[in-house]
Structures are given as structure tokens and as C-alpha cells.
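Student: Show me how the following folds:
(2 chains, ligands or ions: 2)
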Amino acid sequence: MSTPMLEIKNLHVRVEDQEILKGVNLTLNRGEVHAVMGRNGSGKSTLSYVLAGKDDYEITDGEILFNGEDLLEMEPDERAAAGVFLAFQYPIEIPGVATMTFLKAAMNAQRKSRGEGELSTPEFMKAVKEAASLLEVKQDMLKRPLNVGFSGGEKKRAEILQMALLAPQLCILDETDSGLDIDALKVVSEGVNKLRGPDRTMLVITHYQRLLNHIVPDVVHVFSDGRVVETGGKELALELEAKGYADFDAETAA
Amino acid sequence: MNIQAPIRLSAAEESLASQLDSVGAEGLATLVRDKGLPTRRVESYHYTDLKMLLNDVPPLASAAQAGGAPATDIAGAYRIVVANGIVQNSGTAPAGIAVGTVEGPVMASRDDLIVSLNGALGKQALGLDLTGDVDPVIHVDHRFEGAAAHVLSRTRIAVAAGAKATIIETVSGSDAAHLGNLATHVSLGEGAEVTHIVVDMSALQARQFSNLEYRIEANAKLKSVMINAGAALARAQVFADFVGEGAHSDFLGLNVADTDEHRDITLDISHAVPNTTSTELYKQIVRGRGKGVFQGKITVVKDAQKTDAKMMTQGLMLSDEAEILAKPELVIYADDVVCGHGATCGDLDETSLFYLMSRGIPRADAEVMLIRAFLAEIVDAVENESVSEVLTDIVERWLSKDV
Ligand SMILES: Nc1ncnc2c1ncn2[C@@H]1O[C@H](COP(=O)(O)OP(=O)(O)O)[C@@H](O)[C@H]1O
Ligand SMILES: [Mg+2]
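Tutor: Numbers count the residues shown, from 1 in each chain, chains lettered A, B, ... in the order given. Ligands and ions are numbered 1, 2, ... in the order given. Prediction:
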């Protein structure tokens, strides 16, 4: 059996003396799409930030292996270069940084860390154009400073655009569906589905089942109070939608 | 009766007094002997105590030739060199620009020793009379050359009614501990549109005073940009008087300070007539043990109704030992006005840094991106492309310096 792409073992995380993640165990194999479902405040975003390397968190126990290597030892930029990508639940607005400048810097930084040369301007423009038309991102958005003045839905689309351009191995999508109307949800899901492949693994975080109609997962995990309380196939999402989270909370308590 | 005890003069004060004696400016010499250099007890010098900071005054400059190429070359600009305060041959002036020399002080007399020193010790002023739509950018290239000297440089710019011009003044020169004192008066006739930029790029051991004065008539439009990017001690004073209705000005500025540098911009704007508007945006970026000072005072006189003035100052601190001091101040005597001010100060935003890094951009590069973003607002405010490129260059040079 080959090494899983991502292994999270007994992960405990604190923020300001409060334990948020209380022993998370997850194994994601190459090419799989996993969904993590859980109510607000259960620690889903915390998990995504810890994976991406945000440093406000204290890891008190456990480990994270990415392709067998210790992810927690790596800086956020090193994780990105190694192939980790987080589509943020709340993408940051950065005035004064042009979107295109940012995209080019990100793509070239990752290429550089892999020992590849810089993209030429025409190559870069072509890649952006293709990804933008796939995700129906308007040219006008790309001319603005990074995420500045983007609507909620535009921000989410821009995140997936970045994901398409950076072609990561591990895609973590944190509530990419929130803020999207039905049409946008379709466009974004199609974009994500195009990126599915045998070498790419996805962790799709959501608290609604509806996204999973479009991005159909191989595995569904129910997340409650900082840990995984149930794991199943895609039908688990439907069950959760029907029963609500309360039943699963009870299991946690038991 | 109010008898002042005689003060102990510092070496710098002794030199100043004798330089004033040598040009027959007895009144000012007496003032220096009686009061000395401004200390922190003088409100406008509160954060820049010259008695403490100015250790010596080098001898008055003698005439010199500008050495070498300009510190910055502006594509397509009409350049006039002023070396050690003396206007050099400036070639044939393009249409709309009359170049001459003017005797006497260029700025209004005011209760400020540095301005008074420029008036008393300066030899001649560059005079520019601008009419019509002046096409090329005018670059006044102030050079302080030779051994360390006390250099007075002055410019008097009169922009005729309805005229349009972009003027950039730069200060640079030999690598010596000069004491520079620049004074520029710009008068904007009715409806004139002017962008005026002053960039100090003097040697890092130099001490530089830059004094700008604007007189803004009805319906005129001014954009003023002051950048302190040189000298161990740099103090810029920006004075502006709105004297005609319907005028608008944007005042911008930037202090960048490294190591032990001290950079100060002090603003004194008077809305003296009704219906004038202004914005003020001053930024400071400091690292090492650098210190940035901004004082902004906007006065709205009693009859100046409908004044709209918005002042903002932002500071970025890149090290723990660096210091930023900011004091915005509104003095309002009219009742029907819209005025406000704000100040922010901090280090780079960690959340933004994380976002950039999470896309693979290494920390150092992400920091530079955010610093550039911080500075972009000042540089991008200048519409003329070749000038804003030059300003970008100056900022980039500062950024790429190792501290
Ligand atoms: N930086 C932080 N400081 C304090 N509390 C935090 C911080 N980040 C998350 N939390 C808390 O951790 C819990 C989980 O939050 P989060 O991971 O955002 O949940 P979810 O994404 O599942 O809605 C919440 O109670 C939240 O208030
Ligand atoms: Mg969340």
C-alpha cells in the first residue's frame, strides 16, 4: 500500500488556552475526495488553518504527515510549494497588491522552489485567461487589487482560480459554497471537478450537503466538537442532512 | 518684567550666529544668541529638538559645480541644476517656462528659525515663471557638492492663472555631512493646476531642512508630495495658505527611516477663505532604530465656512526599536465645516502575510509586497508616469537596502 497523501493522527490544537481540536484522525489517499461536515464552531476552519500553517495555533499533541513528511515542521510557503492549497472560507483583501502581480509572484515562487524557470508573460497570461474563463471570472476583477471590493461569491471564485493556476496536490476547500448562489455554485463545482484526478486529493469542508451534490465525495466525515465522530460513504451526507447534527453530538458524548 | 537668563550656546548655535554676523544679519544673530535653536519646548519642534539633534554647523557653502549625473534622471524632463545654491546654466527653456534668478527671501517671514535662516543666509533664488500648459516635467536638481557645507538653496515658482505644470525638486550631492536648507515658494494663480514634488535624497550623514510654502488662489488645484528619503536628520515643513475660494489640494508625504535616522514632516495648513477643500495623507515607514515624525496642523479660520479637510497618517514599523510619532491636529474656528483626521500605526498585517505565504510566496517576498502596497498610495498619486516611476525607484532602492 502506498503512503497516504495526508495523515492526521490524534491532532490536538489549542487557541488561547482553549482546546479546539481534540484528537483528529484522518487519512486521505491519493486521488480521493473527502468531505468534512460539521456545524459552525466545531473546528473545521481551525483544522484547515493548521494544515496551511497559520501560526496562531498551539499543537499540543499529534502529527500531520503529508506524503509521509512532517507537515508541521514546514512554513506556510513551503507547504504551498510542496502542494498544499487552502481555499479560504474568508479570503483576505489586500489593497495595494494587484491581483495579477500576486498571481504571477505565487506561480513563480512555487516554480522556483521546484527548480523550474519563471513563466514568460505570454505563458502566464494564457494560463490566467484559461482558468478565468473556466470559472467565469471577469477580466475586470483581475485588474483590481487582490480581493478588494470582490463580492463574497467573487472571492470564492477567485480562490478556485488560484487553485487551478497553482495545481496543488492537496486541495482544502473551506466552505467554498458559502456566499455562492446556485449558478455560481455550479460553475465553481465544475471548476473543482475538472481538477479531480488520480494524483490530486481534496478535503472539502462544508456544513451543507448541497455542495456535495455537485462535488461528489468518496468519503464523508462528520466533525463535532473538535474531532471526527463518524466516517462513511457519500450517503452519510444525506443522512446528516435528514437527521441533523444532534444525533452525532450524542454519539460524541457517549 | 521678563528677563531671560542667557543661555549656553552650543557649538552649532555659535557657528550659526557668526555666519549670520558675516552676512550682516544682526537681528537674527541676536535672536540665535538669545534663544538658541528650537528645543522640544517649541511646539512645532517638540519631537525634533534641534538643540539636541544638530551637533554642528559646517561653514557656509561656496560656489561649486554639480558633480556627475543627477541622482535621478526623469525621462523627458527639463532639468535645471542649482549647485550649492547657485543656479547653473539651464539651456534653452521650453515654452511656458521663464527661468531667472531672484534676490531676497522666497518665503513669507514667519516665526521659524529655519525659514528665517534660509532668508538671511541664502544668496540667490531660482525663479520660475510658468504660463500655459507646460509640457515637460520641470526637474529642479539641487546639488550640495564638495566638502561638508551649510547650503542654502531656494526656489520661487509662480504659476500663472490657468497654467498647468508638474515640478519635481530633488536634493542630492556629495557624500558629506552637509547642512542643507531648502526653501521653495509656489504660488498658484486662479485655476492653476500644479503637481509639486520634493524628494530629499541627500547623503546619509547630511542634515536636511526642506521648507515648502504654497499660496493657493481661487479654483486652483495642487498636489504636493514631500518625500524624506535621505539625511541622518531630515525635517520638512510644509506651509500652505488657501487664499481663494473653490481651490482644492492634496497633500501627500512619506518618511522612510533606517538605523538611527530621524525624519520629520511638519505640516501647517491654513484654510483662510470659505469653500476650499483638502486631503492630507502622510505615511511613515521605519526600521532599525529609525524615527519618523509627522505633525499635521490644519487651521480653519472663522469665516472659512464649507471647508472640507481630511487628514490621515499611517505608520509602518518594521522593527521593535524603531519609533513613529504622529500628531494630527485640527484647529477650527468656523462652524460649518467637514474636517477629520485619523492615524494608524503598526507592523505588517500577519493575516495578509499568511495569505500570501499560503500561496507559496516566501516571507521576505511577502513582506516586500505588503510594504510596496503600503507605499503605493503615495507614489501612485502622481499621475505623470515618468515621475511616478522615479518615485517607485527611490522606494525600491530603499526597500532593497539591507539593514
Ligand atoms: N483565533 C482564535 N481565537 C479564539 N478562538 C478561536 C480562534 N479561532 C477559532 N476559535 C474558536 O474555535 C472554535 C472553532 O472555530 P472554527 O474552527 O472557525 O469552526 P468552524 O470552521 O467549524 O465554524 C470556535 O469556538 C471559535 O470561536
Ligand atoms: Mg469555518
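
Student: okay, now B:Thr307: neighbour count?
Tutor: Using other Cβ atoms under 10 Å in any protein chain shown, the number of residues around B:Thr307 comes to 24. Placement of C-beta: from N, CA and C, glycine included.

Student: could you pull out the strands for the stretch 101-250 of chain B?
Tutor: B:125-130, B:138-144, B:150-159, B:164-173, B:179-188, B:193-200, B:207-216, B:221-228, B:233-242, B:248-257 (DSSP state E, counting those that start in this stretch).

Student: of all these, which lies closest to ligand 1?
Tutor: Distance to ligand 1, taken as Cβ to the nearest ligand atom, is lowest for strand B:248-257 among the strands of the stretch 101-250 of chain B, at 32.9 Å.

Student: Compute the mean per-residue pLDDT across that closest one, please.
Tutor: Strand B:248-257 carries an average pLDDT of 97.

Student: repeat for stretch A:18-28
Tutor: 97.

Student: Now do the end-to-end distance for stretch B:322-342.
Tutor: In stretch B:322-342, first residue to last residue: 21 Å (Cα to Cα, to the nearest Å).

Student: Is there contact, residue-wise, from that stretch to chain A?
Tutor: No: using Cβ under 8 Å from any Cβ of the partner chain, stretch B:322-342 stays clear of chain A, coming no nearer than 15.5 Å.

Student: what does that stretch rub up against?
Tutor: Taking contacts as Cβ atoms under 8 Å, 6 or more residues apart in numbering or on different chains, the residues outside stretch B:322-342 that touch it are B:46-47, B:257, B:274, B:280, B:284, B:286-313, B:315, B:317, B:343, B:345.

Student: How about the secondary structure of the one residue sitting closest to the centre of chain A?
Tutor: The residue lying closest to the centre of chain A (Cα atoms, centre = their mean) is A:Ile172, at 1.7 Å. Secondary structure for A:Ile172, judged by DSSP: H, G, I helix; E, B strand; the rest coil, is strand.

Student: pretty sure it contacts A:Leu51?
Tutor: Yes: contact criterion Cβ atoms under 8 Å: A:Ile172 and A:Leu51 qualify, at 5.8 Å.

Student: For stretch B:312-320, the averaged confidence score.
Tutor: pLDDT averaged over stretch B:312-320 gives 95.

Student: residues in contact with it?
Tutor: B:279-290, B:292, B:294, B:296, B:323-324, B:326, B:328, B:341-348, B:371, B:374, B:403.

Student: C-alpha coordinates for that stretch, PDB please?
Tutor: Below are the C-alpha coordinates for stretch B:312-320, written out as PDB (Å, rounded to 0.1, in the frame of the first residue of the first chain):
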ATOM      1  CA  MET B 312      -4.800  60.700   7.500                       C
ATOM      2  CA  THR B 313      -1.400  59.500   8.700                       C
ATOM      3  CA  GLN B 314      -0.300  55.900   8.700                       C
ATOM      4  CA  GLY B 315       2.800  54.400  10.100                       C
ATOM      5  CA  LEU B 316       4.500  51.100   9.400                       C
ATOM      6  CA  MET B 317       7.100  49.800  12.000                       C
ATOM      7  CA  LEU B 318       9.400  47.100  10.800                       C
ATOM      8  CA  SER B 319      11.400  46.800  14.000                       C
ATOM      9  CA  ASP B 320      10.900  47.000  17.700                       C
END
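
Student: Relative to B:Arg397, tell me which of the strands of the stretch 101-250 of chain B wins on proximity.
Tutor: B:Arg397 lies closest, by Cβ to Cβ, to one member of the strands of the stretch 101-250 of chain B: strand B:248-257, at 10.0 Å.

Student: touching chain A at all, the closest one?
Tutor: No: using Cβ under 8 Å from any Cβ, strand B:248-257 stays clear of chain A, coming no nearer than 13.8 Å.

Student: what separates that strand from the chain centre, distance-wise?
Tutor: Relative to the chain's own centre, strand B:248-257 is displaced by 9 Å; criterion: Cα atoms, centre = their mean, to the nearest Å.

Student: Likewise for stretch B:317-334?
Tutor: Relative to its parent chain, stretch B:317-334 has a centroid offset of 17 Å by Cα atoms, centre = their mean.

Student: All the helices of the chain, residue numbers only.
Tutor: Just so you know, I chose chain A. Ranges of helices within chain A are A:44-52, A:76-82, A:99-113, A:121-134, A:139-142, A:152-166, A:182-195, A:211-214, A:235-243, A:246-253, based on DSSP state H.

Student: To clarify, I was referring to chain B.
Tutor: B:11-22, B:26-35, B:50-53, B:113-121, B:350-357, B:363-379, B:385-400.

Student: where in chain A is pLDDT low?
Tutor: Low-confidence segments of chain A (pLDDT under 70): A:1, A:250-254.

Student: repeat for the stretch 201-350 of chain B
Tutor: In the stretch 201-350 of chain B, no residues with pLDDT under 70.

Student: who's in contact with residue 212?
Tutor: Defaulting to chain A. Taking Cβ under 8 Å, 6+ apart, one finds A:Ala35, A:Val204, A:Thr206, A:Val220, A:Lys234, A:Ala237 in contact with A:Leu212.

Student: nope, chain B please
Tutor: Per Cβ under 8 Å, 6+ apart, neighbours of B:Leu212: B:Thr184, B:Val186, B:His196, B:Val198, B:Ser224, B:Met226, B:Ala236, B:Gln237, B:Val238, B:Phe239.

Student: measure the residue nearest to A:Ala35 when sequence neighbours are not counted to chain B for me?
Tutor: Nearest residue to A:Ala35, sequence neighbours excluded (Cβ to Cβ, 6 or more residues apart in numbering or on different chains): A:Pro217, at 4.0 Å. Distance, A:Pro217 to chain B, using Cβ to the nearest Cβ, to the nearest Å: 23 Å.

Student: one step back: would you list the helices of chain A in a markdown table and tack on distance to B:Val57?
Tutor: Formatted as a markdown table, the helices of chain A follow (distance: least, Cβ to Cβ, whole Å):
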| stretch | distance to B:Val57 |
| --- | --- |
| helix A:44-52 | 57 |
| helix A:76-82 | 50 |
| helix A:99-113 | 46 |
| helix A:121-134 | 53 |
| helix A:139-142 | 55 |
| helix A:152-166 | 57 |
| helix A:182-195 | 68 |
| helix A:211-214 | 72 |
| helix A:235-243 | 79 |
| helix A:246-253 | 77 |
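
Student: which stretch among those helices comes nearest ligand 1?
Tutor: For ligand 1, the closest of the helices of chain A is helix A:44-52, at 3.2 Å, according to Cβ to the nearest ligand atom.
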